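[1] Here is my input, please return the structure:
(2 chains)
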Protein chains: 2
Amino acid sequence: MAAASASVLGALDPTSDRAVFRQIADQLREAIDKGRFKEGDKLPSESELVEHYGVSRMTVRNSFSVLQGEGLVVSEHGKGVFVRPRPPVRRLASDRFARRHREQGKSAFTVEAEAAGSRPEVDGLEVKEERPTQDIAARLGGPRRVLARRRRYLLDGRPVEYAVSYLPLDLARDTPIAQPNPGPGGIYARLEELGHRLDHFDEEIRARMPSPHEVRTLRLAAGVPVIHLIRTAYDTEGRAVEVCDTVMAADAYVLAYQLPAT
Amino acid sequence: MAAASASVLGALDPTSDRAVFRQIADQLREAIDKGRFKEGDKLPSESELVEHYGVSRMTVRNSFSVLQGEGLVVSEHGKGVFVRPRPPVRRLASDRFARRHREQGKSAFTVEAEAAGSRPEVDGLEVKEERPTQDIAARLGGPRRVLARRRRYLLDGRPVEYAVSYLPLDLARDTPIAQPNPGPGGIYARLEELGHRLDHFDEEIRARMPSPHEVRTLRLAAGVPVIHLIRTAYDTEGRAVEVCDTVMAADAYVLAYQLPAT
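    Purely as a prediction, here's the structure:
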């Protein structure tokens, strides 16, 4: 990747009310937005910007930290500040849990990854019986014990999502769902074989900044939020048979939905 | 609101590899998560934390700035650092564009606001004819000119969303849709009266940090991302009749959707 030159940047406006470090951040942001500095490019160094603008090193550092907070640049220790490369984005289609995908023996994650030409991977799998939190219990209709399946999803080696599925224990105990590998089509296929024909899924979406634990698990750059998605699966009798609590790297996903007009 | 006391905080771990300012941030975060420091509470002051931990003022400031970046606290100039009050969250239901709401003469925004017991308001309305961006044109099937309706939504006086609706000009020109107030039920009701019976809406969701302009428009606290939602309305003939490009304060919304299992 190229090193971007300070020569494309303008001058400061001495009559402006806007703080100098913000003016510099504005100019760098504009150069990124307009494509003059491209993904992966090294920004002009601290010294170059100190000279170009006639400001202190601290002022330049403050400008960098504004852009880092916005997720536009990443700082690599000892190497400089770079325009953050945008990873390929996965589009989750509104039919991603359709039965025809399960019948092909594929999980939703695999279906999406293959559609995007990526290599799907799952690690950190942990399956155990536990007491649910109040919120999870309420969503599942009040079971005292649940089976929890935790795992991390990666695409082309990059962690993109951390998910925990909760199922009422009376439903999942001693079934393939309690096995590390629940078999082709995943737990939704197994639920249907156990007689819980799925009717629909409710999804709730929030976005927020990650906790330090989520930053580590998903290897998030500064200024990258997470999408927090809670999905509840209902069978045709109206019973909530699974809740999946998922945290996704927001820069790796577009979620698609269809809403009825009637 | 109360001032939180440093006495609930623990000691630093001198054997830990974790930087001291991060250890302090961890302890403050835990106190917030566990409810020992409550929404709106003033955190212990810089001086109190300097004394409690035996560290420099700069170290304490770095801890505060970690928590600010995570959206957990807000700094009020000259007053101190406070646990960020969480505004009431609006849940957007998956049937929010159902015809029965339009037939009652209400917009989706009004329906949702009333359900939450809030006072809805719209300001900054601007209606004009313009050339669409490539992306908007592609979503609308390639019109050369569009009608753009820009507006900001507020709940109880707080800005929560900035939205722009684009409609093919041939469809909207010289209709009530081009009027500042399109009448009861909003533009979707008018589209149906003009013969474009709505079939469904596609929504695409992304989350990211806001631009400085969005921070000002939505008066966002530090560490609060935005949800970027692009909705396309289709009529029963499969024509895209409107694209709505919306930026929402992520701390003010939960979006709900239903996905089919078949």
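[2] Residues of the stretch 101-250 of chain A that sit close to chain B?
    Remark: the part of the stretch 101-250 of chain A in contact with chain B comprises A:188, A:198-212, A:222-227, A:231, A:233, A:250, using Cβ under 8 Å from any Cβ of the partner chain. (Each C-beta comes from the backbone N, C-alpha and C, glycine too.)
[3] are any of these buried, and which?
    Buried residues within these, defined by neighbour count using 16 or more other Cβ atoms under 10 Å in any protein chain shown: A:188, A:198-210, A:222-227, A:231, A:233, A:250.
[4] Could you list which of these belong to helices?
    Using DSSP state H, the subset of these located in helices is residue A:188.
[5] Which of the buried ones among the residues of the stretch 101-250 of chain A next to chain B fall within strands?
    A:198-208, A:226-227, A:231, A:233 (DSSP state E).
[6] Would you map the helices across chain A?
    Listed from the start of the chain, chain A has helices (DSSP H) covering A:20-33, A:46-53, A:57-69, A:99-103, A:108-115, A:134-139, A:169-172, A:186-193, A:212-218.
[7] could you dump those to CSV with mean pLDDT?
    Written out in CSV, the entries for the helices of chain A read as follows (pLDDT from 0 to 100):
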stretch, mean pLDDT
helix A:20-33, 94
helix A:46-53, 95
helix A:57-69, 93
helix A:99-103, 73
helix A:108-115, 77
helix A:134-139, 95
helix A:169-172, 96
helix A:186-193, 92
helix A:212-218, 95
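[8] out of those helices, nearest to residue A:128?
    Across the helices of chain A, residue A:128 has its closest neighbour in helix A:169-172 (10.6 Å, Cβ to Cβ).
[9] pLDDT below threshold where in chain A?
    A:1, A:103-106 (pLDDT under 70).
[10] Which segments of it make up each domain?
    Structural domains assigned to chain A are A:6-83, A:90-255, following automatic domain parsing.
[11] for the residue of the stretch 51-200 of chain A found nearest chain B, which residues make a bridge with it?
    The minimum distance from the stretch 51-200 of chain A to chain B, using Cβ to the nearest Cβ, falls at residue A:198 (3.7 Å). Counting by DSSP bridges, residue A:198 forms beta bridges with residue A:235.
[12] burial of residue A:2, as a residue count?
    Using other Cβ atoms under 10 Å in any protein chain shown, residue A:2 has 9 neighbouring residues.
[13] And the residue lying closest to it once chain neighbours are set aside, its phi and psi?
    Nearest residue to residue A:2 in three dimensions, chain neighbours excluded: residue A:41, at 5.3 Å (Cβ to Cβ, 6 or more residues apart in numbering or on different chains). Residue A:41 has phi and psi values of phi -60, psi 140 when expressed as degrees, to the nearest 10.
[14] isn't residue A:176 right up against residue A:182?
    Yes. With contact defined as Cβ atoms under 8 Å, residue A:176 and residue A:182 form a contacting pair (5.0 Å).
[15] Of those two, which one has the most company?
    Taking other Cβ under 10 Å, residue A:176 and residue A:182 do not tie; residue A:182 has more neighbours (21 against 14).
[16] From residue B:43, how far out is the more buried one?
    46 Å (Cβ to Cβ, to the nearest Å).
[17] Identify the residues contacting the residue nearest to residue A:84 when sequence neighbours are not counted.
    Ranked by Cβ to Cβ, 6+ apart and with sequence neighbours excluded, the top spatial neighbour of residue A:84 is residue A:74, at 4.9 Å. Residues touching residue A:74, when contacts are defined by Cβ atoms under 8 Å, 6 or more residues apart in numbering or on different chains, comprise A:68, A:81-82, A:84, A:221-222.
[18] and what of residue A:32?
    In this structure, residue A:32 makes contact with A:67, A:72-73, A:83, judged by Cβ under 8 Å, 6+ apart.
[19] gap between it and residue A:67?
    For residue A:32, the distance to residue A:67 under the criterion Cβ to Cβ works out to 8 Å.
[20] list the residues that contact both of the two?
    Residues touching both residue A:32 and residue A:67 (Cβ under 8 Å, 6+ apart) are residue A:73.
[21] coming back round to it: distance to residue B:165 for the domains of chain A - can I get that in JSON lines?
    As requested, the domains of chain A are arranged in JSON lines below (distance: least, Cβ to Cβ, whole Å):
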{"stretch": "domain A:6-83", "distance to residue B:165": "24"}
{"stretch": "domain A:90-255", "distance to residue B:165": "20"}
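[22] For residue B:11, find the nearest of those.
    Taking Cβ to Cβ as the criterion, residue B:11 comes closest to domain A:90-255 out of the domains of chain A, the separation being 19.4 Å.
[23] Work out the gap between that closest one and the centre of the chain.
    In terms of Cα atoms, centre = their mean, to the nearest Å, the gap separating the centre of domain A:90-255 from the centre of its chain is 13 Å.
[24] what about it, start to end distance?
    Start-to-end span of domain A:90-255 (Cα to Cα, to the nearest Å) is 8 Å.
[25] How about stretch A:9-20?
    For stretch A:9-20, the first-to-last residue distance is 14 Å (Cα to Cα).
[26] Touching, the residue of the stretch 51-200 of chain A closest to chain B and residue A:235? I think so.
    Yes. Using Cβ under 8 Å, residue A:198 makes contact with residue A:235 at a distance of 5.9 Å.
[27] what residues are shared contacts of those two?
    With Cβ under 8 Å, 6+ apart as the test, residue A:198 and residue A:235 both reach A:191, A:241.
[28] Distance of the residue nearest to residue A:84 relative to residue A:39?
    Using Cβ to Cβ, one gets 11 Å for the distance from residue A:74 to residue A:39.
[29] Return every residue with contacts to both of these two.
    Going by Cβ under 8 Å, 6+ apart, residues that sit against residue A:74 and also against residue A:39 are residue A:84.
[30] residues of stretch A:183-191 that come out buried?
    Neighbour-count burial for stretch A:183-191 flags A:185-191 (criterion: 16+ other Cβ under 10 Å).
[31] out of those, who's nearest residue A:147?
    The nearest one, if we look at these relative to residue A:147 and count by Cβ to Cβ, is residue A:187, at 9.5 Å.
[32] so who does the residue of the stretch 51-200 of chain A closest to chain B touch?
    Residue A:198 makes contact with A:97, A:99, A:188, A:191-192, A:233-236, A:241, B:261, according to Cβ under 8 Å, 6+ apart.
[33] So which of those residues is the closest to residue A:112?
    Ranking the contacts of residue A:198 by separation from residue A:112, with Cβ to Cβ as the measure, puts residue A:97 on top at 10.9 Å.
[34] Identify the residues contacting the closest one.
    Residues near residue A:97 by Cβ under 8 Å, 6+ apart: A:108, A:188, A:198, A:201, B:259-261.
[35] And for residue A:247?
    Residues near residue A:247 by Cβ under 8 Å, 6+ apart: A:161-163, A:210, A:214, A:217-218, A:226-229.
[36] Can you report how many residues lie near residue A:165?
    One way to gauge burial is a neighbour count; for residue A:165, by other Cβ under 10 Å, it gives 24.
[37] let me fix that: residue A:256
    By the measure other Cβ under 10 Å, the count of residues near residue A:256 is 17.
[38] Ok, residue A:88 next?
    With neighbours defined by other Cβ under 10 Å, the count for residue A:88 comes to 11.
[39] same check, this time on the one 10 residues further on
    By the measure other Cβ under 10 Å, the count of residues near residue A:98 is 16.
[40] Pull the contacting residues for it.
    By Cβ under 8 Å, 6+ apart, the neighbours of residue A:98 are B:260-262.
[41] which of those residues count as buried?
    Among the contacts of residue A:98, the ones that count as buried by 16+ other Cβ under 10 Å are residue B:261.
[42] closest to chain A among the contacts of residue A:98?
    residue B:261 (3.7 Å).
[43] what about the nearest residue to that closest one once chain neighbours are set aside, distance to residue A:97?
    Leaving aside its chain neighbours, residue B:261 sits nearest to residue A:198 (3.7 Å; criterion: Cβ to Cβ, 6+ apart). Between residue A:198 and residue A:97 the distance, using Cβ to Cβ, works out to 8 Å.
[44] Noted, bye for now.
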